[in-house]
Structures are given as structure tokens and as C-alpha cells.
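*Asks:* take a look and give me a structure for this.
(one chain, ligands or ions: 1)
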Amino acid sequence: MEPKAIMNPILEGNFYTSSKKNSFYQVKVDENYLGLLNTNGSLINNQMISIRDILGSRCARRRKRIGENCECHPKGKNRVLSFLENTLDEQDKSAYLHIYSYVMKNSKTGSPQKRHSFKLTLRFRLFSNYEDNMKEAFKWRNTLKQLVEKTQWRNPLLKSVENYDVDTDKGNRLLIVLNPKSGPGKSREIFENEVKPVLMEADIPYDLYITRARNDARNYIKTSNVLKWKRGIVTIGGDGVLYEVVNGIMERTDWKHVTKSIPLAIIPGGSGNGLAKSLSFCSGEPYDHNPVLISTLNIIKGFPIPVDLVRIETQSEVAFSFLSFGWGLIADIDIESERLRIIGSPRFMIWTVARLIGLRTYTGRLSFLRVPAEKVKEVVASDKYVEVQIQDSYLMEEENDKKSTNHVDCNSNSSFDMDSISLDTGCIRGEPDQVGRTESFYSLSSHKSAYHSDNASSSYLSLPETAKKSRTTIYGPKSQLPSLNKPIPKSWEVYQGEFVMVHATYQSHLSGEVYFAPDCKPNDGIIWLLVAKAGISRVNLLQFLLGLSNGTHLRCPFVEMIPVFAFRLEPLCEGSHIVVDGEVLPHSSIIQAEIFPGIVSLLNKLPPAENATSSR
Ligand SMILES: Nc1ncnc2c1ncn2[C@@H]1O[C@H](COP(=O)(O)OP(=O)(O)OP(=O)(O)O)[C@@H](O)[C@H]1O
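*Replies:* From the prediction side, this is the model:
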């Protein structure tokens, strides 16, 4: 509830606005709100902006406009609205303070709320000289900055950075990993036009890494000193580029320290964007209207929340997944519709129709450990959405982890029940993509380097040697399951026969449009396993799939949603793709998956109820 007035203001004053001539506002600021009181005859409009919705502010002096006091452009003629670069208006002694916020508004009566940019410009002209007006503007800016910072997350590990410099925020930077080939190939434009301006308003320093090939992000994360990006690692692209970042972390001996100290985040630029949608959905943010803005605000205004990872093991790979595992219909649609990548998300709908016409079934055996019904009820009912506490103690654990980690060569006959597994990946990993998107983004627009940095305070990094790698060692949490060559426990249930699909997810949405597991939360510790058996009619299947996209979730014969802790899939035929977070895994005749709750943290806005109590 917004307060009607600000009783104990920290700042207050009367201001002229630059947007309306001859009108002034009374502006008051307290710990929680900036209040704008517009005196307009007898009508008083109160407008409150939550400090949580303010990104930042900037002081400026007015610049001359072309056409003003300029002989070649007499007043009233040929007036142009742009400012003359670097030409300050010496006659105007005022100082200006621009305040950037993103406020929730109803566009039309009854329509859902949306976030809108609201820029307020205050003009300080109490004093006759510019310097004193600017001093006053700076006083406001600094106070606002402190208030805004109090509402934002700051990595507690920053205090352990040697010679930490508060002013330059050394160490408190973001790493942005951008895949220029994601979805319809618009990630770079998304960054330039939609993300960068918002980061600049919030004054957030960042380094930008643009990927050059498949697995480039993975190698970069594996080999870089990622601990210097204490604010977080953000991907711009589809779920596949974050998948590379997560698995790059799991290839590090200090994976535990990194996952506990550096939050991750995602800005949608791909075709599916299931994780970005799921995160904003669980915090109640109006994502669909402007997915990129909402996800960028999640990074600036968000707190690290724990997110589950699923450890997937095949005969040749171990991978960590945050979104989904698929075999059968949906996996096939995902991969086979690649050829329509250029059209964005409609590619899935078009391919769904094609695949329904030529419906295939696959033989296999599915075994799973079901989550007891009471446990599911308890998890669904609980509001399990807590902020991750990043602890200094993890700094100590790093060394111990290094000492205790086992390395296992998959060519040896050892059991896989270990903390890490070593796999020979042949020539695929670490080499440029062999299929499809091999031509470099830079061949179109730049011949320089994969690094790019724009913010004044952001660094320019030189091009590294591409990490050469012939072996992949995967660390991460230790498997609790029997090894692939051992039988599953008797308590597991088994389905054997013909399947249309087996599709597992651990987030609510598979994509922006597909609301797959309504009861799923990012950290519920449950794999939601959708099993569609052969026998289902095309009409029923179509109705079921349409239900997923409009959130109606029809009950359908031959289709079951089973909450499980772990499962084993044995495809007894070839043909279907095995897809993890949108990435294809090589065929394997046995695949095992198990969930690890809250293993990584992702920056996300807290839902409104928590917002009220978590100010710091
Ligand atoms: N510069 C690049 N050139 C070619 N492929 C790349 C490049 N950078 C990353 N990739 C690969 O592109 C693949 C797809 O990336 P991503 O998931 O970001 O997009 P998407 O598939 O369109 O999105 P979504 O997963 O949401 O459907 C990943 O496998 C990644 O390894």
C-alpha cells in the first residue's frame, strides 16, 4: 500500500520541472518513497515512486539547443530538438537531476499491470551561480543513491576483496555473456538498445563477452577468474548459453565456491527463453509485455534466489541442467524446428503441427523414484522462495574441496559414484560448432574481438587464446544414484513400452508460451516428469499441447505428470533426440537424472510479499 503522504522527509524542496513550463512540484523523499506533489489550482495530485523502483540518478548541466541564440537558426525557424554536443548553455545557471525509475502502471482499466519507464528531471535554480546549484543537485543525488543502494543486493564477499574501492565499485561488476546467434540473432541489438541504456541509468559497471562459437562461453567460464564478477554472470541469448555457463562452472575445481558466491542471471534473446519466463512468473513480474526490461530489472533490483539443478548422466556425458530434459515429441520439435530459427518462437507451433501429422512413438523403459503425495502437497503449499545467503565461509572451503575432489576417467571401469567424472569429449567440445551457426557474427559487423565493453567504467579486455581442451572433467555435487551399469532400487516404479514422449522440467515454463508445470517452483527439489504413452489420439494430444500454452492443463488419457526425485530412461530404439535445456546430447542407451535443490542462485526480483520485509 502506498502511503498518502511522506511524514518525515529526508529530502524536500520545490522544483521546476523541465517537462512542463512554469509548473513546479513539491518533492519529498523518505526511506521508502519519493513523493511528487503537484499543486495545480485546487487540485493536488499525489504521486509516489517506491525507492525500490528507482534505478539511479544523474546530475547534468543544460546543453545548448541548435536554434537557440544562434544567428544561423533564428528563433522559431528550423528549430531542431537535438542538443549541440558538448556545448553547455552558459546562460542557464541551473543544475538538473535526472531520476530514472520503472514503475508499475495499469495501461487501461482492467488490463494487466506493466512496468513503464518514468524519468523525472528536477531543475535546481535557487542560487544565482551554477556551482551552488550543482552542489545542491549532488546532495540530492548522493542521498538518493544511498537510499537506492539500501534496497539492492550487494555481494557480502565484496568486503573480502583486497583494497575494495567503494567509489569505483571495483569487483562489483557484472559479466555479460552474449550469444549473437541465439534465436533470430538479435541479442546484440537487444543489448545495445534495451539492456545497456538501463544498466547505464543504474550506473552498473560490466564487462561484455560475445561468444564466437559453440562452447566458447563454456570454455571462457571454465578458464576465467569469474570470482571478480561479484555482482553476477548474466547471459543474453537462449537457455543454451546459460547451460554452457552452468556447465563451465561445473568444470571448475572451485565449482562450489563459484556457485555459492556468484549469482547467475538471464536476459531472453533466444527462441524459447523458458528460464527467464519462469523466474519472472514466480516473482509476479509482468514479463510478457517487455521480457528484456523485466529481466534486466531482475538483475539490477534482484536478489539471489536458489534454483535447482538436475544432474544428467549418459554413457558419454555428465551435464547439469536448470530447465528441462526431453526425449520424444517435444525434444524432436525443439531440434527439428531449428531450420525455422529465423522466425523466432512461432517455429515451435509450426513444427508441432507437422509432427502431429507424422506422429512417432518410441520404445523404452522408464524407471523413477516418485515424490510422496504428502511431500508434494507440502512443497506446493509452502512459499519456498528464499534469498540465498552467500557466506564467507565458502572461501575457506575452496581449498578443502580441491584436496578432496576425486577425478575418475570414464574409460576406466570405476563406478561413477563419485564427486567428479572425467570424460573424453573427442573433437566436439572446445572446437567451433561443426554444424549450422559456424560463421562468425563478427564477419558481419566487426573484425575485432570477442570482447566489447561500453560503460565508461567498464574495462576492455584483450582477446584470450581460445581454451584448448581435449578432456572434460565434470565436478558438481556427488551422485546419489546407483551407477549406470547397476540395477535401480526395487522401490522405483517402472513403465515399459511405447512412448510419445518423456519430458521432464524443473521450472514452471518450458518457453515464454508453454506453461508446462504449474506447481513447479525454481527450488522445490522436484522433477516434474510428463509421460505420454502410445495410444493417445492426435486430437487429444493437440488439445493437451494447446492446454499447455494457455495454462489450462487438461487431464488426458495416456498422459501423466509425475513428480519425481530421480529417473532412469532406457531408450530401446534410436530415432528420438535427447535434449537438455535445448542442447542435444549424443544418443545413449541409458540416461539417469537426479535433482539437487538450490544448487545455484539466480538474480530475481522477490515477490511483493517478501519485498515489503526484505529491505536492507
Ligand atoms: N557465436 C556462436 N556461434 C554459433 N553458435 C553459438 C555461438 N555462441 C553460442 N552458440 C551456441 O548456440 C546454441 C543455442 O544458443 P541459445 O540457447 O542461446 O539460443 P536458442 O537455442 O535460440 O534459444 P533457446 O534455448 O531459448 O531456444 C548453443 O548451443 C550455443 O552453444
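
*Asks:* okay, CA-based contacts and neighbour counts for the rest of this
*Replies:* OK.

*Asks:* His116 contacts Tyr100, doesn't it?
*Replies:* No. With contact defined as C-alpha atoms under 8 Å, His116 does not count as touching Tyr100 (10.7 Å).

*Asks:* comparing those two, which shows the higher neighbour count?
*Replies:* Tyr100 (20 against 15; other C-alpha atoms under 10 Å).

*Asks:* can you give me the helices for the stretch 101-250 of the chain?
*Replies:* For the stretch 101-250 of the chain, applying DSSP state H, counting those that start in this stretch gives helices covering 130-150, 187-190, 196-201, 216-223, 239-249.

*Asks:* got it, and the stretch 501-616 of the chain?
*Replies:* 538-550, 608-613.

*Asks:* mean pLDDT for these: which is lowest?
*Replies:* Mean pLDDT values for the helices of the stretch 501-616 of the chain show the minimum at helix 608-613, a mean of 47.

*Asks:* which positions in the stretch 251-400 of the chain make contact with the ligand?
*Replies:* Gly270, Ser271, Gly272, Asn273 (C-alpha under 6 Å from any ligand atom).

*Asks:* could you export these as CSV, including pLDDT and distance to Pro482?
*Replies:* Formatted as CSV, those follow (pLDDT from 0 to 100; distance: C-alpha to C-alpha, whole Å):
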residue, pLDDT, distance to Pro482
Gly270, 85, 36
Ser271, 79, 36
Gly272, 80, 33
Asn273, 91, 33
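
*Asks:* most neighbours among these, which one is it?
*Replies:* Gly272 (29 neighbours).

*Asks:* spatially central residue in the protein, please.
*Replies:* Ile266 (1.9 Å; C-alpha atoms, centre = their mean).

*Asks:* and that one, how far from Leu546?
*Replies:* 27 Å (C-alpha to C-alpha, to the nearest Å).

*Asks:* do the same with Ala354
*Replies:* 15 Å.

*Asks:* quick one: which of those two has more around it?
*Replies:* Taking neighbours as other C-alpha under 10 Å, Ala354 and Leu546 compare with Leu546 leading, 16 against 13.

*Asks:* flag every residue of this protein that's near the ligand.
*Replies:* So the chain meets the ligand at 179-183, 211-215, 237-241, 270-273, 437-438, 582-583 (C-alpha under 6 Å from any ligand atom).

*Asks:* just the buried residues from the residues you listed, in ChimeraX please.
*Replies:* The buried residues among the residues of the chain next to the ligand can be selected in ChimeraX (16 or more other C-alpha atoms under 10 Å) with this line:
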select :179,180,181,182,183,211,212,213,214,215,237,238,239,240,241,270,271,272,273,582,583
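
*Asks:* show me what counts as buried in the helix or strand that contains Lys28.
*Replies:* Using DSSP states H and E, Lys28 maps to strand 24-29. When neighbours are counted by 16+ other C-alpha under 10 Å, the buried residues of strand 24-29 are found to be Phe24, Tyr25, Val27, Lys28, Val29.

*Asks:* how about stretch 337-352?
*Replies:* Ser337, Glu338, Leu340, Arg341, Gly344, Ser345, Arg347, Phe348, Trp351, Thr352.

*Asks:* pLDDT weak spots in the chain?
*Replies:* 1-4, 17-23, 39-46, 64-88, 107-110, 159-171, 345, 383-471, 608-616 (pLDDT under 70).

*Asks:* which one is Arg141 nearest to, not counting chain neighbours?
*Replies:* Ser57 (6.2 Å; C-alpha to C-alpha, 6 or more residues apart in numbering).

*Asks:* quick check: phi and psi on that neighbour?
*Replies:* When read as degrees, to the nearest 10, the backbone of Ser57 gives phi -150, psi 160.

*Asks:* show me what contacts it?
*Replies:* Going by C-alpha atoms under 8 Å, 6 or more residues apart in numbering, Ser57 touches Leu97, His98, Ile99, Tyr100, Arg141, Leu144, Lys145, Glu201, Ala202.

*Asks:* again with Tyr515
*Replies:* Ser508, His509, Leu548, Ser549, Asn550, Gly551.

*Asks:* residues in contact with the first one?
*Replies:* For Ser508, the contact set (C-alpha under 8 Å, 6+ apart) comprises Ser278, Tyr515, Phe516, Ala517, Pro518, Asp519, Cys520, Lys521, Pro522.

*Asks:* list the contacts of the fourth one.
*Replies:* Which is Ala517. Going by C-alpha under 8 Å, 6+ apart, the list of residues near Ala517 reads Thr505, Tyr506, Gln507, Ser508, His509, Trp528.

*Asks:* ranges for the helices of the stretch 251-400 of the chain?
*Replies:* Under DSSP H, counting those that start in this stretch, the stretch 251-400 of the chain gives helices at 255-261, 274-282, 291-301, 329-336, 346-357, 373-381, 393-404.

*Asks:* now tabulate those helices in JSON lines and tack on distance to Cys573.
*Replies:* Formatted as JSON lines, the helices of the stretch 251-400 of the chain follow (distance: least, C-alpha to C-alpha, whole Å):
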{"stretch": "helix 255-261", "distance to Cys573": "36"}
{"stretch": "helix 274-282", "distance to Cys573": "29"}
{"stretch": "helix 291-301", "distance to Cys573": "39"}
{"stretch": "helix 329-336", "distance to Cys573": "14"}
{"stretch": "helix 346-357", "distance to Cys573": "18"}
{"stretch": "helix 373-381", "distance to Cys573": "33"}
{"stretch": "helix 393-404", "distance to Cys573": "40"}
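
*Asks:* how about stretch 131-140: buried residues?
*Replies:* Of all the residues in stretch 131-140, those buried under the rule 16+ other C-alpha under 10 Å are Asp132, Asn133, Met134, Glu136, Ala137, Phe138, Trp140.

*Asks:* how far does that stretch sit from the chain's center?
*Replies:* Between the centre of stretch 131-140 and the centre of its host chain there is 37 Å, according to C-alpha atoms, centre = their mean, to the nearest Å.

*Asks:* same question for stretch 118-136.
*Replies:* 37 Å.

*Asks:* from here on, count from 451
*Replies:* I'll keep to 451 as the first residue from here, and by that count the last item is stretch 568-586.

*Asks:* ok, residues contacting it?
*Replies:* Under C-alpha under 8 Å, 6+ apart, the answer for stretch 568-586 is 465-469, 509, 542-553, 587.

*Asks:* sounds good, over and out.
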